[in-house]
Each structure stands twice: as C-alpha cells, then as structure tokens.
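1. Here's my sequence, what's the structure:
(6 chains)
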Number of protein chains: 4
Amino acid sequence: MKKMKPKYMQIIDAAVIVIAENGYHQAQVAKIAKQAGVADGTIYLYFKNKEDILISLFEEKMGSFVEKIDEEIAGKKTAAEKLLVLVETHFQLLSEDHHMAIVTQLELRQSNKELRMRINNVLKGYLQVIDKIIIEGIETGEFSETLDVRLVRQMVFGTIDEIVTSWVLNEEKFNLTALAPKVHRLLINGFAGC
Amino acid sequence: MKKMKPKYMQIIDAAVIVIAENGYHQAQVAKIAKQAGVADGTIYLYFKNKEDILISLFEEKMGSFVEKIDEEIAGKKTAAEKLLVLVETHFQLLSEDHHMAIVTQLELRQSNKELRMRINNVLKGYLQVIDKIIIEGIETGEFSETLDVRLVRQMVFGTIDEIVTSWVLNEEKFNLTALAPKVHRLLINGFAGC
Amino acid sequence: MKKMKPKYMQIIDAAVIVIAENGYHQAQVAKIAKQAGVADGTIYLYFKNKEDILISLFEEKMGSFVEKIDEEIAGKKTAAEKLLVLVETHFQLLSEDHHMAIVTQLELRQSNKELRMRINNVLKGYLQVIDKIIIEGIETGEFSETLDVRLVRQMVFGTIDEIVTSWVLNEEKFNLTALAPKVHRLLINGFAGC
Amino acid sequence: MKKMKPKYMQIIDAAVIVIAENGYHQAQVAKIAKQAGVADGTIYLYFKNKEDILISLFEEKMGSFVEKIDEEIAGKKTAAEKLLVLVETHFQLLSEDHHMAIVTQLELRQSNKELRMRINNVLKGYLQVIDKIIIEGIETGEFSETLDVRLVRQMVFGTIDEIVTSWVLNEEKFNLTALAPKVHRLLINGFAGC
DNA sequence: AATGAATGAGTATTCATTCAT
DNA sequence: AATGAATGAATACTCATTCAT
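-> Next up, the predicted model:
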C-alpha cells in the first residue's frame, strides 16, 4: 500500500507547506519536490499527477479531521452537545494548523471545477457526521421534527465555513475557538434566541 | 463615462457567458472578444487588462444585485420580513440568471487571492445590507438583543451561499426560490423551531 | 508641396522629442501624434507610414545640418582649416541640440537594417562634404597624394561619430566642442604628431 | 559551470546564425531553439531570458575575439607593429566569420538602450587592449607624448568600426584584411603622411 | 526505486494602420 | 482636412510530465 511508504506523506506535507506559503497558483510540482527533498520525477512514483497530490492531500487531512471530531463527539450525550463539540473541534483543529487553514479555506478553492467536485466528494464524510447529529437530535426530540436535514446541514456547514474563512482572511487576529458557544447558540436558537 | 459606451457592457456580458460555459481558466480574452463581437484589441480600449474585466463584471452585476434587493426590501415593515425578502430575492435573481450563478458560485472563486480580495471588497456592499436588517431587528426587539451582528451576518451569508452553491453543483435540479421560507425560518428560529 | 504645410514639421519635431525622451522602441505613433497636437490618423495624411516619419526626420535635420556646415566651411581657405571647421561645427550643432544628439547617436540606430540603409543614403550628402575637403587637400598638396579618399572619409566620420556617441553615453558631461582642435590635429598628424 | 554544457554554446551559435539570417527583430526564441535542435523550453534551462542569450553571445564571442588578438599581439615588439596586428586581426576575424560580422556590426545595434549599454560594458575589454598599445607607444617614444589616450582610442575604434560596417553594408565585396596596412598608416601618420 | 534534463503546448497584450464620419 | 475608435497579427516564457540512466 503506497500510503505506507514514508515519501507519500512526506510529499503531501510538503504540498501543504508550499501551497500555504506560495499560494495555489505558485505551488509548482518542482517546488513541492524540493520542499519534500525528492526529485521532481519521484513525485510521479507516488501520485498520478498534480491533481492527485491535491486530492490525496485533502483525503488524508480530511480523514484525520473527521476521525478526531468523531472521537470528541463519541462521549457526548445530547445532539446539541455533540453539535457544540463539532463546532469547537472544527475551530480548534484549524486554529492549531495555520497552514491547513490557509490551504483549505483559501488556496484549494482556486482549483478548477472538476477538482473542487472531487474535493466535495471527500467532504461528504464530514457532512455525514453533521447529518447524523441532526437526525439524532430530531429523533430524540431535541430538535424540531420538521427540520429539513439537508438545509440544516448546509446552514451548519455554511456558517462554520464562512466564519473560518473570514478568520483566515483577517489573518487569524481573533480567537476562533472562543466563538464556538456563540455560534452554537445561534444555530440552535436562531435570531430569536428564544 | 465608460459605462455609457455600449461595448463596455457588451464585453462584460460576453465574459459572463464565456466563463460560465468554458470555465474560468478556459476563458481566454480572445474567446471573450469573439463572443462580444469585437476584436481582441478592442477589449483593451475598455479594460486595463483581463483582471479588470472580471472585477468590473463583478462590480456591475453585484451593484445591480444589491440595488434590486434594496428595492424589494424597501416596502417591508419588519426586519424578519426584510430578511425573508432578501433570501427570496437572492435565490430568485440567481435562479433567473443561470450564467451568473455559475460564474459567482463556482468560476470566480478560482481567481487568485488578490483578485478574490478585491471581489470581497465589492461584496461588502451586500454584507452591509444584511447588517442593516440585523441591527434594525435588534433595535425593534424582533431579534435577541444579545446577537453578535458579525456572527449573525456570517451565518446568514454562509448559509445562503452554501445552499446556492450546492444548488448549482446539483445542476439546479430543484426549485431554489421555493426554499426561501424554510431557510428563513431556520435562520430565525434555529434548530429548536420554538 | 507637403513640406510647406505647418503640420509636417510639427510632426517631425514632435517625433524628435518623443524619441529622445522615450527611446526608439517607446516612440509609438499615438505618442508622436499627441505631442504634435494632432489625431493619430492625421499623421498618415503627411507620412506614408511610421518609417517615413523617421526617414523624413533624418532628411530634414541632416539637410539643415549639411547646409550649416557648408556655410561655415565656405569662407575657409585651406582644406585643413575646412576640416577643423567641419569637426567644430559638427560638435557644436549636436551640443546645441540635446534631443537630436540622442536621437541620431543612440535611438535611430535601433531601427531595422532596411531603415538604416535608407538613413545611410541620406548620410551620403554629409560624407560628400568630407570627401570634397579631402580631395581639395590632396589637390592643393596639403594632404598626402597617396591618400585613399574613401578610407580617409571613414576615418574622419568614424572618429567623429565615435566621440559624439561616447559623449552622449557619458550624459554629455564634458565640453564636446572644445575637443575639436585636438581631434583635428589627431586626424591630420596621426599618432606620430610629426 | 554552465559553459561546459554542450547545449550552452549550441544555443549561442544557433542565435548567431538566426540573427544573421533573419535580422534581430525576426530572431524569435522558437527559431533559435529550432536552429539549435532543442525545445523552446530548453533555452530557459541555460539562459534567464532572451536578452540573456544576446548578452552571453556577445560575451562569449567578444571574449575569444580579445583572446585571439592578445595572442597575435604578444610576439610583436613595437607599439606600431602591435597596432597593425590588431587592425589586421580584427579585420581577419570578422572576414572569417560572415555571420558574426553581420550580427555585431548591424543586428546587435538594434537592441534597446539597456542591452546596448551592457554590450558596451563587454566591449571595454577590447578598448583596454587598444589603450594598452597606445600607452606603450607613448612610453617608448614611438607616439607623441601629448596624445590624449581616450581620444586616440576613439579614433582607432571609430575608424575600424566604420570601415567594417561599411564593408558589411557593401556585402563584403572587397578584401577587408588587405586594407589593414593602409588603415594603419593613416592612423599613425594622419592625412599628412609625413 | 530514484533522478533531473528535456520537452512543447498554450495566451495576454501592444500598436501601426484604416476608414466611417 | 481631420478625427479617433476599431482592428488583429504576432511572441516570450512557464511548468506538468516523461524517460533514459
């Protein structure tokens, strides 16, 4: 399995650094190879092409992202609590990884439509985690039983994503994680705050 | 004033079509010129460079977008009503303009960071419209007085944007405008639906 | 006769200024037109094309250059004296016209081979003045009767031209005209200075 | 050291041929690459940009030019003899290399001012060879002790250059090398031929 | 497995010239 | 005579990918 070979992750980590520091359009394969300490051609022993590096990067990172969130959620009882932990952990993980925050929120979005659709596919694993929480909340009666799960998921993800992007664009000047409870309350209660 | 010259809008409209149909990275100046029915060089009588076409495109379209939403909102009394109209009109306008929907939700996001920051600047006008509604709602007591305006705005915009993008990615298979009331209810009342 | 029309010289004078101040390759027709205070299209009522402006420029300026030198030489008796006056006047006229010095020594040499051959043709009038002095000197016995007129003319012109070019490249920091007697002595007596 | 790689000189030699045969402004990079038998992109592995090819071309060729002249001069005793050999070798080397003659006398002068000043810099090595001869001649008493070295050098170079250019413009119809003794005598003795 | 030299397709922009008014 | 908006041909350079070693 190629993922076991040390150079596989070495190249992916190099890609994150190069993209974060140079921007998507300045992240040439040669630069990634240099950062990874391998020859240009070596890249192609581990990845089909440049796009494959980016997809794999997203898959690997998003995979462990979802794993960590799953772990954190596991112990929580109510759906509301789980949602809070999801928002908190999402904010926390990106706060801790400056490079990944830039790459996911800004740089990877410059990829072409096709690549973005494949990235969206990877994202589905995360969206399912959100869906599960919503469905659980509806079933336990915590959330309104009339909720449209897809719409709610889009509200949750859209809100979180917009806030994180804004935080990155503002050069991460404020404490993102601290916002989690307020965001959670907004999502649960809406404007009314009933 | 350059905007009065017919070829100015002619080129911008051509750019929208070419970008929507070919994708951002396949939207060569020559293609835009051909679509607009002018010579390549004529483009440069009206725009400084290619980037200037894209900025101008966004300014012109976003300008009339905000204008139309402002008009629709004008007659409404409550902040909640205004918010509904905003969501409705936002959905409506993009539903009516297939090409612009693709361009704003998918293609223009592939532009480089600098261009995107300039686009964000144009977007501010729209965000201020949202802010005004929120502030009005707080002042009239419709909305909770503890709301963090920025966060709320990010929830509103992030939610709308995510829904529209998802609609475009799904090839506009469902009726977007019809979702407005449900989205509005979600934003106002949250999951609880009190 | 087109040369009588005021705009003809107006455009030529504008070309000298534009070329001197912007360089040959930055001297666009539009810039010359603007400097001359006419529309771009008007240029083509007086000149066949851009090259024709440059040829005409050189013809007009070189014409009056030769005329003035002829006048100065007229009164002199010996060939040696005439040669001194020629060098002196050549230096003097270019010292007085900063723009023309730059245009003739640096900028016009960047034109293509064909244009340069046509310019060389115009130059022949000047070279004949030199030839006449040499021939007269040989006939009066002032100069060696074994002189190869063409070679001597090339030495005279090559020397003068190299000195003027060097003076322009040095940003005209020294008094060019003051060099004339030394240059004259060198040409007449060579290194030996017998 | 890049100069050791065979393709470096291969490209430079191709550039000389392409420029000589097509003219400076028709010497596209693609043409040079084709003539050199390499891909367009390969050019940029050896040269920073097109201008760098031209500078390097001049440096390499002028370097060996000066070397050869230095070698020829080495065995000669008097300054006058050395001057003769310099003129002779200068004429000889350009007679032997039709392409370089065209390139140095006609084509390279069409480059822009900045490139020309960098070329002038390379030329300084040659001018110093001339200077050394003049200074030596003054010190040994062969030449007048009142000579202005810079002026004399300009006379020598200006004369040689003008003669060679004229020879190239006349399509090299006469024997250039055979002129050396006459040119030498002219420079040494001037018109008087004492 | 690893290398890195070589490849070659692809594109924004300028500017001399024209011609309808 | 004069205008100036419109034209469209022409070109250096980058970088993902390959393949001989």
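2. Need the per-residue pLDDT for the closest residue to A:Ile12 other than its chain neighbours.
-> Using C-beta to C-beta, 6 or more residues apart in numbering or on different chains and skipping the chain neighbours, the partner closest in space to A:Ile12 is A:Leu57 (5.0 Å). (Each C-beta comes from the backbone N, C-alpha and C, glycine too.) The per-residue pLDDT reported for A:Leu57 equals 95.
3. Over to the one 5 residues further on?
-> In the predicted model, A:Met62 carries a pLDDT score of 92.
4. how many neighbours does the residue nearest to A:Ile12 have?
-> 25 (other C-beta atoms under 10 Å in any protein chain shown).
5. list the contacts for it?
-> A:12, A:15-16, A:103 (C-beta atoms under 8 Å, 6 or more residues apart in numbering or on different chains).
6. Only the buried members of those residues: can you turn that into a ChimeraX selection?
-> Buried residues within these, by 16 or more other C-beta atoms under 10 Å in any protein chain shown, are selected in ChimeraX with:
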select /A:12,15,16,103
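7. Where does confidence bottom out across the contacts of A:Leu57?
-> Among the contacts of A:Leu57, A:Val103 has the lowest pLDDT, at 94.
8. and it, backbone torsions?
-> Main-chain torsions, A:Val103, degrees, to the nearest 10: phi -60, psi -50.
9. Could I get the contacting residues of the residue lying closest to A:Val168 once chain neighbours are set aside?
-> In space, and not counting its chain neighbours, A:Val168 is closest to A:Gln105: 4.6 Å by C-beta to C-beta, 6+ apart. By C-beta under 8 Å, 6+ apart, the residues touching A:Gln105 are A:94, A:161, A:164-165, A:168.
10. let's see 7 Å
-> A:164-165, A:168 (C-beta atoms under 7 Å, 6 or more residues apart in numbering or on different chains).
11. Please indicate which of the residues you listed has the highest neighbour count?
-> Neighbour-wise, the contacts of A:Gln105 (other C-beta under 10 Å) top out at A:Val164, 22 neighbours.
12. Not counting sequence-adjacent ones, nearest residue to A:Leu127?
-> Using C-beta to C-beta, 6+ apart, the nearest residue to A:Leu127 is A:Arg153, at 5.8 Å.
13. which one among the contacts of A:Gln105 gets closest to chain B?
-> A:Thr165 (8.5 Å; C-beta to the nearest C-beta).
14. From A:Glu107, how far off is the residue nearest the centre of chain A?
-> The residue lying closest to the centre of chain A (C-alpha atoms, centre = their mean) is A:Met62, at 5.6 Å. According to C-beta to C-beta, to the nearest Å, A:Met62 and A:Glu107 sit 15 Å apart.
15. for A:Glu162, same thing?
-> In terms of C-beta to C-beta, A:Glu162 sits 17 Å off from A:Glu107.
16. Looking at the contacts of A:Leu57, which one is closest to D:Leu115?
-> Among the contacts of A:Leu57, A:Ala15 lies closest to D:Leu115 (C-beta to C-beta), at 39.6 Å.
17. Centre of the chain to the one helix or strand that closest one maps to, how far?
-> Under the criterion of DSSP states H and E, A:Ala15 resides in helix A:6-22. Relative to the chain's own centre, helix A:6-22 is displaced by 17 Å; criterion: C-alpha atoms, centre = their mean, to the nearest Å.
18. Next, the buried residues of it.
-> By 16+ other C-beta under 10 Å, the buried positions in helix A:6-22 come out as A:7-20.
19. Kindly report the same for stretch A:50-58.
-> A:50, A:53-58.
20. And stretch A:145-159, by the same measure?
-> Neighbour-count burial for stretch A:145-159, counted by 16+ other C-beta under 10 Å, picks out A:147, A:151-159.
21. Mind jotting down where the strands sit in chain A?
-> When assigned using DSSP state E, chain A turns out to have no strands.
22. Take the buried residues of stretch A:50-58 and lay them out in TSV including distance to DNA strand F.
-> Shown next, in TSV, are those (distance: C-beta to the nearest atom of the strand, whole Å):
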residue	distance to DNA strand F
A:Lys50	4
A:Ile53	8
A:Leu54	10
A:Ile55	12
A:Ser56	13
A:Leu57	14
A:Phe58	16
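23. got a markdown table for those, with distance to C:Ile133 too?
-> A markdown table is the format used below for the buried residues of stretch A:50-58 (distance: C-beta to C-beta, whole Å):
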| residue | distance to C:Ile133 |
| --- | --- |
| A:Lys50 | 73 |
| A:Ile53 | 77 |
| A:Leu54 | 77 |
| A:Ile55 | 82 |
| A:Ser56 | 83 |
| A:Leu57 | 81 |
| A:Phe58 | 83 |
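24. So which of those residues is the closest to chain D?
-> A:Lys50 (17.5 Å).
25. Quick check: nearest residue in space to the closest one, chain neighbours excluded?
-> A:Val29 (5.6 Å).
26. Hmm, A:Gln110 and A:Tyr24 touching each other?
-> Yes - with contact defined as C-beta atoms under 7 Å, A:Tyr24 counts as touching A:Gln110 (4.3 Å).
27. what's the neighbour count on A:Glu96?
-> 10.
28. For A:Thr159, see how far away it is.
-> 21 Å.
29. same deal with A:Ala33?
-> On the measure of C-beta to C-beta, A:Ala33 and A:Thr159 end up 38 Å apart.
30. Domain boundaries for chain A, per the record?
-> Residue ranges for the domains of chain A, per automatic domain parsing: A:1-47, A:51-189.
31. nearest to B:Glu71, of these?
-> Of all the domains of chain A, domain A:51-189 comes closest under C-beta to C-beta, at 25.7 Å.
32. Angles on the backbone of A:Ser144, please.
-> Per degrees, to the nearest 10, the backbone of A:Ser144 is at phi -60, psi 140.
33. Just to check, it is in contact with B:Ala192?
-> Yes - using C-beta under 7 Å, A:Ser144 is in contact with B:Ala192, at 6.3 Å.
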